[in-house]
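> Test case, fold it:
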Amino acid sequence: MKKLLLLVLFVNTIYAQEKIEFFDPYKLKKGMKGYALTVMQGLEPEKMELEVIAFMPNKLTKSGMILVKLSGENVERSRVAAGMSGSPVYIDGKLVGALAYTWANAIELLAGIVPIQDMISDKTRSGNTVYVPQNATSIQTAWFMNGMEESDILQKIQNVPDTKTYERGLEEFITVPSSRSNGVAPLKAGDAVAIKLMEGDINLASIGTVTYVDGEDFYIYGHPMDSEGPISLPVARAEIYDVMSSSRLSFKLGTALPETIGSTMFDGLSSVYGRFDKKASMIPVTINVRGKEYSNSYNINMARSRKYLPTLISEGMGAVLERELGKNIEKQVQLSWNLEFTNNQVISNSSTWVRHTTYAPMSIKKYWENYISILWSNSLVHLVPSKIEFTIDVKDEYYEYYAVSGAKVAKTAYFPGENIDINLILQQYLADDIYTNMTLTLPKNLTEGAYTLLIGSSITLESELATLFPDKYAIRTVKQLLKELKKPIDNNVLQAVLVDVREGSLIGAGFFEHIPVARQSLFESKTGTGESILVPKLYQSELTLDAPVIGSKFIFVNVVVPEPLKNTN
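Below you'll find the model as predicted:
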């Protein structure tokens, strides 16, 4: 008992010394002994003994890695586990660095330590290139997750594409009163720490270890979370239930504590750097699910991160849909949404999804990932959500839809001004095919030539035209962006569109025909240079059906101009 008390007093004494001396890695020698601190269970860190094998410097990058061998009952049972990254390492009472790397399937308990000098360089955003020996991999962070059943959520979060260049430096760092109490920091070296991405009815947090605390600054993980650079994410202390041992990958099983105590500032090369006097914003997201005889609401706070929010909303929506409706729903889903933004803009809209089609319930995930990305993954304006509410109405009737499975016209050539009768075959789900027709009238001034006739749902055709004519459909003004986001989504509209391709000029946000080449340079602007591009002129007719329509077909149509009658007189 006395021995245990002395150990606790010794550890607490170390924690009280925020200003601790750093060990020069170039003075390390083989055989030196030290220890690392990490939480194995509960809240308090425990020791892991270690021995220095070598310091592997890289003079080119002015960096290096310290190779050590771990020992002790705890680590021999758990091995190097996900969640240990950032565990501080001490030799002769000096801080050496953080456990950060390991070797997969290694027989020995080997680990790589990133020097503390490299970690603190991330504060100035000028961290050196990290030297990683061959075959070494970063010790993974553990993940706290509940409310979601999808197994690939972590892979998606860990593989979110990098943000665009024009989004860099746009993170919001809010100054707040420090979470330090009477000069005592809420975190200490060796504590388990969590970076929260979602909290509430669904939770998702990355769990690692605190390496070093200096005043308002703290350094965690010993390696990047995602090498994002400036990023504002909520930070909390974590509690570890246990270390789950595995021959493949051991990991800490834990939870993020409710109280947020700071914010990340910089996801660097050698650490994640944060502060106790900064706050990371979270967006309240409500997902309401309503059926004929039931209704449920899910309230989730999501990190307001340009990098992660689209994926968080997508996966959160998917988790709720799967929980409420399962994977094999045979009902129509009406989704409505209301988005409020920090600039007081409000966008409301709705759409219908049905299973076995491009509008299947699970495709809502991808739709919303793209939708939220549009809000700030553009160079025009960053529409930052302040509140989001979704309402999912599950219709009582079984779903129906029409798929365009066939289309043909009566002739191969038409005169300008003539009607084109289009015969259609619409396939129904679990029902007989329907044969119907549409009529499209050609303009009288249409020139002779070959044209493409597209038949399909209005949403499908819009997507295809945007792919074929990206210059025409690119969004170039804030007004265009807001109009696109607010545009009604009607899945029940079947369209026939004749595409007349013309040469035009892009000038600002507009398109003009017949501008002489010699005059195009007069129209140079920020969003257009007057260059010649292909512009589609569209002639269309449409038919409104009683269920969503999917798919498309195309037909080539020739237009001929009749020869003028010869004067026989």
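
> Check the gap between Leu453 and Met317 for me.
37 Å (CB to CB, to the nearest Å). (Each C-beta comes from the backbone N, C-alpha and C, glycine too.)

> Which of those two has more residues huddled nearby?
More crowded of Leu453 and Met317, by other CB atoms under 10 Å: Met317, with 24 against 20.

> Would you mind giving the secondary structure of that one?
Using DSSP: H, G, I helix; E, B strand; the rest coil, the structure places Met317 in helix.

> Relative to Leu325, how far out is it?
Met317 is 12 Å from Leu325, by CB to CB.

> Asp421 too?
41 Å.

> Distance check, the closest residue to Leu233 other than its chain neighbours against Leu312.
Residue nearest to Leu233 in three dimensions, not counting chain neighbours: Thr264, with 4.6 Å by CB to CB, 6 or more residues apart in numbering. Thr264 is 16 Å from Leu312, where distance means CB to CB.

> So what does the residue nearest to Leu28 when sequence neighbours are not counted have for phi and psi?
Nearest non-adjacent residue to Leu28, counting by CB to CB, 6+ apart: Phe55, 4.7 Å away. For Phe55, the backbone dihedrals (degrees, to the nearest 10) come out as phi -110, psi 120.

> Which stretches in the stretch 201-350 of the chain count as helices?
309-325 (DSSP state H, counting those that start in this stretch).

> Poorly predicted segments of it, please.
247-248, 327-331 (pLDDT under 70).

> now do 90
For the stretch 201-350 of the chain, the stretches with pLDDT under 90 are 222-231, 243-253, 267-270, 291-294, 304-335, 341-347, 349-350.

> quick one: the strands in it?
203-214, 217-220, 229-230, 234-244, 251-267, 272-275, 278-279, 282-290, 295-303, 331-341, 346-353 (DSSP state E, counting those that start in this stretch).

> give the contact list for Glu369.
Applying CB atoms under 8 Å, 6 or more residues apart in numbering, we find Glu369 in contact with 310-311, 313-314.

> Now compare those residues and name the two farthest from each other.
Thr311 and Ile313 (7.5 Å; CB to CB).

> Give me the pLDDT value at the residue nearest to Leu28.
Note on Phe55: pLDDT of 89.

> these two touch, right, it and Phe23?
No - judged on CB atoms under 8 Å, Phe55 makes no contact with Phe23 at a distance of 10.5 Å.

> and the residue nearest to Leu28, how many neighbours?
21.

> what are the bridge partners for it, then?
Ile66 (DSSP bridges).

> where does it sit relative to Glu484, distance-wise?
For Phe55, the distance to Glu484 - CB to CB - is 56 Å.

> buried stuff in stretch 270-286?
270-283, 285-286 (16 or more other CB atoms under 10 Å).

> which SS class is Ile422?
strand.

> residues in contact with it?
407-409, 437-440, 453, 455, 496, 555.

> which residue is nearest the centroid of the chain?
Thr311 (3.5 Å; CA atoms, centre = their mean).

> That one and Lys366: what is the separation?
11 Å.

> now Ser246
32 Å.

> wouldn't the residue nearest to the centre of the chain be in contact with Ile157 here?
Yes - using CB under 8 Å, Thr311 is in contact with Ile157, at 6.1 Å.

> With adjacent residues omitted, what lies nearest to Lys94?
Leaving out its chain neighbours, the residue that sits closest to Lys94 by CB to CB, 6+ apart is Phe23, at 3.9 Å.

> which ones are touching Ile261?
Contacts of Ile261 (CB under 8 Å, 6+ apart): 179, 186-187, 235-237, 276.

> Same question for Ile455.
By CB under 8 Å, 6+ apart, the residues touching Ile455 are 404, 407, 422, 424, 438, 494-497, 552-555.

> do that again at 10 Å, thanks
404, 406-409, 422, 424, 438, 440, 461, 494-497, 551-555 (CB atoms under 10 Å, 6 or more residues apart in numbering).

> And these, which of them are buried?
Of the contacts of Ile455, these count as buried by 16+ other CB under 10 Å: 404, 407, 409, 422, 424, 438, 440, 461, 494-497, 551-553, 555.

> Lowest-confidence one in these?
pLDDT is lowest at Gly551 among these; the value there is 84.

> pretty sure that residue is touching Ser463, no?
No - using CB atoms under 10 Å as the test, Gly551 is too far from Ser463 to be in contact (11.9 Å).

> And the strands in the stretch 451-569 of the chain?
Under DSSP E, counting those that start in this stretch, the stretch 451-569 of the chain gives strands at 493-507, 510-513, 532-544, 549-550, 552-559.

> Just name the most buried of those strands.
When these are scored by mean count of other CB atoms under 10 Å, the highest mean neighbour count falls to strand 549-550 (a mean of 22).

> Quick one: mean pLDDT over it.
84.

> Ok, stretch 119-134 next?
On average, stretch 119-134 scores 61.

> sorry, back to before: any idea how many residues pack against the residue nearest to Leu233?
Residues near Thr264, counting by other CB under 10 Å: 27.

> Quick one: residues contacting it.
For Thr264, the contacting residues are 171, 173, 195, 218, 220-221, 225, 228, 230-235, 272-275, 278, 280, 303, 305, by CB under 10 Å, 6+ apart.

> With Gly86 as the reference, measure out to Asp490.
51 Å.

> of those two, who's got more company?
Set Asp490 next to Gly86 and count neighbours by other CB under 10 Å: Gly86 wins out with 33 against 16.

> beta partners for the closest residue to that one other than its chain neighbours?
Excluding its sequence neighbours, the residue lying closest to Gly86 (CB to CB, 6+ apart) is Thr209, at 3.7 Å. Thr209 has the following beta-bridge partners by DSSP bridges: Ala192.

> Pretty sure Thr209 sits against Glu46.
No - the criterion here is CB under 10 Å, and Thr209 misses it with Glu46 at 11.6 Å.

> any residues in contact with both of those two?
36-39, 190.

> now, among these, which is nearest to Ala111?
Closest to Ala111, out of all of those and judged by CB to CB, is Ala36, at 8.2 Å.

> since we're on the closest one, how many residues are nearby?
Residues near Ala36, counting by other CB under 10 Å, number 28.

> Let me know the helix or strand that it is in.
strand 33-38 (DSSP states H and E).

> Neighbouring strands of that strand in the sheet, and parallel or not?
strand 46-58 (antiparallel), strand 88-91 (antiparallel).

> Which among these is found nearest to Thr447?
Closest to Thr447 of the strands paired with strand 33-38 is strand 46-58 (CB to CB; 67.5 Å).

> How far away from the center of its chain is the closest one?
36 Å (CA atoms, centre = their mean, to the nearest Å).

> Export that strand to CSV, keeping only CA atoms.
Extracted in CSV, the C-alpha atoms of strand 46-58 (Å, rounded to 0.1, in the frame of the first residue of the first chain):
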residue,chain,number,x,y,z
GLU,A,46,0.3,4.0,-15.7
LYS,A,47,4.0,3.3,-16.4
MET,A,48,5.4,1.2,-19.2
GLU,A,49,9.1,0.5,-18.9
LEU,A,50,11.3,1.0,-22.0
GLU,A,51,14.9,0.7,-23.2
VAL,A,52,16.5,2.8,-25.9
ILE,A,53,17.8,0.8,-28.8
ALA,A,54,18.9,3.7,-31.1
PHE,A,55,18.3,7.2,-32.2
MET,A,56,17.9,7.3,-36.0
PRO,A,57,18.6,10.9,-37.1
ASN,A,58,17.9,12.4,-40.4
